[in-house]
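In: Predicted model and sequence below, questions to follow.
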Amino acid sequence: MIKDVDIVIAPNLGDNMQEVIRLATQKCGWKISDVQRAEVIKRSVDARGKYARLQLRVRISDAEENLYPLTDFFWQNVSNSPEVLIIGFGPAGMFAAMELIQHGFKPVVFERGSDVRKRRRDLKAINRDHTVNPESNYCFGEGGAGTYSDGKLYTRSHKRGNISRILDNFVYHGAHPDIRVDAHPHIGTNKLPKVVENIRETIIQAGGEIHFDTRVDEIFTENGKLTGLRTATGERYRGNAAILATGHSARDVFHLLYRSGINIENKPFALGVRIEHPQEIINKVQYSCDYNNPHLPPASYALSTQVQGRGVFSFCMCPGGFIVPASTAPGEVVVNGMSPSRRDGKFANSGFVVSVEPEDWKSYGEHGPLAAMAFQAEIEKKAWEAGGKTMAAPAQRMIDFVSGKNSTDLNETSYIPGLTSANLSEVLPGFISQRIREACLHFKKKMPSYYTNEANLVGVESRTSSPVRIPRNPQTLSHPEVEGLLPCGEGAGYAGGIVSAAMDGERCARAAITIKKAAD
Ligand SMILES: Cc1cc2nc3c(=O)[nH]c(=O)nc-3n(C[C@H](O)[C@H](O)[C@H](O)COP(=O)(O)OP(=O)(O)OC[C@H]3O[C@@H](n4cnc5c(N)ncnc54)[C@H](O)[C@@H]3O)c2cc1C
């Protein structure tokens, strides 16, 4: 017999299975000697009391059996199978490719950026020399924006697919098995590149193709159907199904669709700054008496409020992490955050953003469905100018920003290209800076020590999600005007993060298979 039991335990005893089994059996009335196998299958921290506690779900069994088996993955040889084209090798493209292989179809992937190894050099160049390679950077390259991301694997979009299967697939490819257990799973930026390389190996070994450093520049259609694509080097590939998973930063792809008369739409997103505190301040706020407990993970937070009818919220919080330059072209400053698996850095950073709605991009009307993107791009350019026309980011201490005062000096930061003291109200549109100012005071009421001049606000956090939606038929997942073109993942507006992009990739792969089978 198998039984799941919820227990509460002190953080220092969380790994002590003897104590875990003792508490679990005490709670459910079994004898300790009845237990043949035990496994923790869920873990979260409850920091609401004076002392933090771990909440565990423990699975016990009176027989020798595998209590929490990993999904069985089967990679068949697809070298001679029907092909599906995939544009973009981020989480959506990678999981689409793996899903195709599992159904006996061959993925042919085009990725504008380089493989992870080569890409690392391009990241160094951004941080040290302030030069951005528009083909290979923190957003473009093998594994997409997911590779050098924070690797939090938490999603709210439970309806769209099987989350456990996605997590199991990451574990199969080398992620720590704890991600199957933790309530807020996290891989860490230092571990992700290896996982991504392993995924590439799986695809290639099964007979799939991946073309790195190969940007897709043209899509061909005939009588409302996809017929193929052309790469920047001039090669043409024929195909009646292509998964378009190019992410939220591929502005040239949005331009290409618009130019080709393929319908796209403006989409609301969120924009603001990244806030960076010493991690110790956040630990003290969240863990009170227990803030120094080495058995607790570095603390995180999630804050949200409404200011003058708009959502203002923290986004992609990275405990023990660092701020990174996520620009994809020269002449723009964009920041984002990540953290290593141990989250042992000195700083805590998080996006601090305001929802952007249609009325905000009204004055960019001449850009049609690219108006929201033009609004976003202009603020990124302003940030670059305010930072001294380098990758240095404009920044201001928190209380200085709220009081409308320039900071005479700034706090130490994790952002390698460096910060330049600037008036962020001159970088951000008034409706955003005003709301961030008010939200700082709201959040001060919830977490008094969060409001401090020991925190820097760093501009600009502008790539929270795509400013464009590429429409698709909810049943077939094809673009309504181009059968066989399957807009996918975050860039098309159907995902917001690694796991939801991966799930959308799997769905689009299944939709592509339906198209292939119907055409046979
Ligand atoms: C620093 C950072 C930290 C993040 N942290 C997290 C986190 O902790 N948790 C989380 O869930 N999400 C996080 N994200 C967001 C997450 O990475 C994205 O939501 C996710 O990667 C989106 O997946 P995608 O496959 O839809 O697109 P992307 O990952 O953006 O991949 C798109 C790919 O398409 C390629 N491409 C673009 N145009 C072309 C073209 N014309 N031809 C060929 N290839 C092309 C790009 O090079 C890119 O590799 C983070 C992002 C960043 C930048």
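Out: Right, received. Where do you want to start?

In: Helix, strand or coil: sort out A439 for me.
Out: helix (DSSP: H, G, I helix; E, B strand; the rest coil).

In: Just to check, it is in contact with Q306?
Out: No - taking C-beta atoms under 8 Å as the definition, A439 is not a contact partner of Q306, at 9.1 Å. Every C-beta, even on glycine, is put in place using the N, C-alpha and C of the backbone.

In: Which of those two has more residues huddled nearby?
Out: Neighbour count, other C-beta atoms under 10 Å: between A439 and Q306, A439 has more, with 25 against 13.

In: and the more buried one, what is it in contact with?
Out: Residues in contact with A439 (C-beta atoms under 8 Å, 6 or more residues apart in numbering) are 303, 305, 307, 312, 352, 354.

In: Pull the distance from the helix or strand harbouring the last one to the chain's centre.
Out: So that's V354. Applying DSSP states H and E as the criterion places V354 in strand 347-356. Computed by C-alpha atoms, centre = their mean, to the nearest Å, the chain-centroid distance of strand 347-356 equals 14 Å.

In: So which elements touch it?
Out: Here strand 347-356 touches strand 269-278, helix 279-287, strand 310-318, strand 322-325, strand 335-338, helix 371-386, helix 430-446, strand 456-461, going by 3 or more C-beta pairs under 8 Å, 6 or more residues apart in numbering; DSSP states H and E.

In: hmm, 6 Å instead?
Out: strand 269-278, helix 279-287, strand 310-318 (3 or more C-beta pairs under 6 Å, 6 or more residues apart in numbering; DSSP states H and E).

In: Could you point out which of those sits nearest the ligand?
Out: For the ligand, the closest of the helices and strands packed on strand 347-356 is strand 310-318, at 5.3 Å, according to C-beta to the nearest ligand atom.

In: and the angle for that closest one with strand 456-461?
Out: Computed by axes from the mean of the first three to the mean of the last three C-alpha atoms, to 10 degrees, the angle separating strand 310-318 from strand 456-461 equals 110 degrees.

In: Which residues does strand 310-318 contact?
Out: Residues outside strand 310-318 that contact it (C-beta atoms under 6 Å, 6 or more residues apart in numbering) are 150, 300, 302-305, 337-339, 349-351, 353-355, 435, 439, 464.

In: Next, see if it gets close to the ligand.
Out: Yes - Strand 310-318 comes into contact with the ligand (C-beta under 6 Å from any ligand atom), by way of C316.

In: that older thread, possible to save the helices and strands packed on strand 347-356 as TSV with mean pLDDT, distance to I399 and mean neighbour count?
Out: Formatted as TSV, those follow (pLDDT from 0 to 100; distance: least, C-beta to C-beta, whole Å; neighbours: other C-beta atoms under 10 Å):
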stretch	mean pLDDT	distance to I399	mean neighbour count
strand 269-278	98	12	25
helix 279-287	94	14	20
strand 310-318	97	17	21
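
In: Tabulate these (a markdown table), appending distance to A383.
Out: Shown next, in a markdown table, are the helices and strands packed on strand 347-356 (distance: least, C-beta to C-beta, whole Å):
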| stretch | distance to A383 |
| --- | --- |
| strand 269-278 | 9 |
| helix 279-287 | 25 |
| strand 310-318 | 17 |
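
In: Mind listing the strands the strand holding V354 pairs with, and their directions?
Out: strand 269-278 (antiparallel), strand 310-318 (antiparallel) (DSSP bridges).

In: Which residue is it, in the stretch 201-350 of the chain, that comes closest to the ligand?
Out: Per C-beta to the nearest ligand atom, G247 is where the stretch 201-350 of the chain lies closest to the ligand, at 2.2 Å.

In: Got the phi and psi for that residue?
Out: Geometry field for G247 lists phi and psi as phi 80, psi 170, criterion degrees, to the nearest 10.

In: What is the neighbour count of it?
Out: By other C-beta under 10 Å, 26 other residues sit near G247.

In: circling back to that earlier point, convert the C-alpha atoms of the strand holding V354 to PDB, please.
Out: Below are the C-alpha coordinates for strand 347-356, written out as PDB (Å, rounded to 0.1, in the frame of the first residue of the first chain):
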ATOM      1  CA  PHE A 347      22.200  40.500  -4.000                       C
ATOM      2  CA  ALA A 348      18.500  39.900  -4.600                       C
ATOM      3  CA  ASN A 349      17.000  41.400  -7.800                       C
ATOM      4  CA  SER A 350      13.600  41.500  -9.300                       C
ATOM      5  CA  GLY A 351      11.700  43.200 -12.100                       C
ATOM      6  CA  PHE A 352       9.500  46.100 -10.900                       C
ATOM      7  CA  VAL A 353       7.100  46.700 -13.700                       C
ATOM      8  CA  VAL A 354       3.800  48.400 -14.700                       C
ATOM      9  CA  SER A 355       1.300  47.000 -17.200                       C
ATOM     10  CA  VAL A 356       1.400  48.700 -20.600                       C
END
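
In: now the strands paired with strand 347-356 as TSV including distance to P417?
Out: Formatted as TSV, those follow (distance: least, C-beta to C-beta, whole Å):
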stretch	distance to P417
strand 269-278	13
strand 310-318	17
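
In: Out of those, which is closest to G331?
Out: Comparison of the strands paired with strand 347-356 against G331 by C-beta to C-beta identifies strand 269-278 as nearest, at 17.8 Å.

In: close to the ligand, is that closest one?
Out: No - on the criterion C-beta under 6 Å from any ligand atom, strand 269-278 is out of touch with the ligand, staying 10.2 Å away.

In: what's that strand in contact with?
Out: The contact list for strand 269-278 (C-beta under 6 Å, 6+ apart) reads 323, 335, 347-356, 436, 455-459, 461-462, 464-465, 467.

In: relative to helix 430-446, how tilted is that strand?
Out: For strand 269-278 against helix 430-446, the angle by the same axes, to 10 degrees is 40 degrees.

In: Strand 269-278: how far from the chain's middle?
Out: 15 Å.

In: what does stretch 417-426 give?
Out: Stretch 417-426 has its C-alpha centroid displaced from the chain centroid by 25 Å (C-alpha atoms, centre = their mean).

In: Show me what counts as buried in it.
Out: Neighbour-count burial for stretch 417-426, with 16 or more other C-beta atoms under 10 Å as criterion, is recorded at 417-425.

In: where along the stretch 401-520 of the chain do the strands fall?
Out: Using DSSP state E, counting those that start in this stretch, the strands of the stretch 401-520 of the chain run over 419-421, 456-461, 468-469, 485-487.

In: pLDDT of the last one, averaged?
Out: What that stands for is strand 485-487. Average pLDDT, strand 485-487: 98.

In: What strands flank it, and is each parallel or antiparallel?
Out: Sheet pairing here is set by DSSP bridges, and for strand 485-487 it gives strand 242-244 (parallel).

In: Is V58 bridged to anything, and to what?
Out: So, taking DSSP bridges as the rule, V58 has V5, V40 as bridge partners.

In: That one reaches A24, doesn't it?
Out: Yes - at 4.3 Å, V58 counts as touching A24 under the criterion of C-beta atoms under 6 Å.

In: where do the contact lists of the two overlap?
Out: What both V58 and A24 touch, as defined by C-beta under 6 Å, 6+ apart, is the set V5.

In: picking that back up, give me the angle between the strand holding V354 and helix 371-386.
Out: 140 degrees.

In: so strand 347-356 versus helix 279-287, what angle?
Out: Going by the same axes, to 10 degrees, strand 347-356 makes 70 degrees with helix 279-287.

In: For the residue of the stretch 201-350 of the chain closest to the ligand, list the residues it contacts.
Out: The neighbourhood of G247, defined by C-beta under 6 Å, 6+ apart, consists of 90, 144-145, 490-491.

In: Export the residues you listed as CSV, with columns for pLDDT and neighbour count.
Out: CSV is the format used below for the contacts of G247 (pLDDT from 0 to 100; neighbours: other C-beta atoms under 10 Å):
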residue, pLDDT, neighbour count
G90, 98, 34
G144, 98, 29
A145, 96, 26
E490, 98, 28
G491, 98, 30
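
In: of those residues, list those near the ligand.
Out: Okay, of those touching the ligand (C-beta under 6 Å from any ligand atom), that's 90, 144-145, 490-491.
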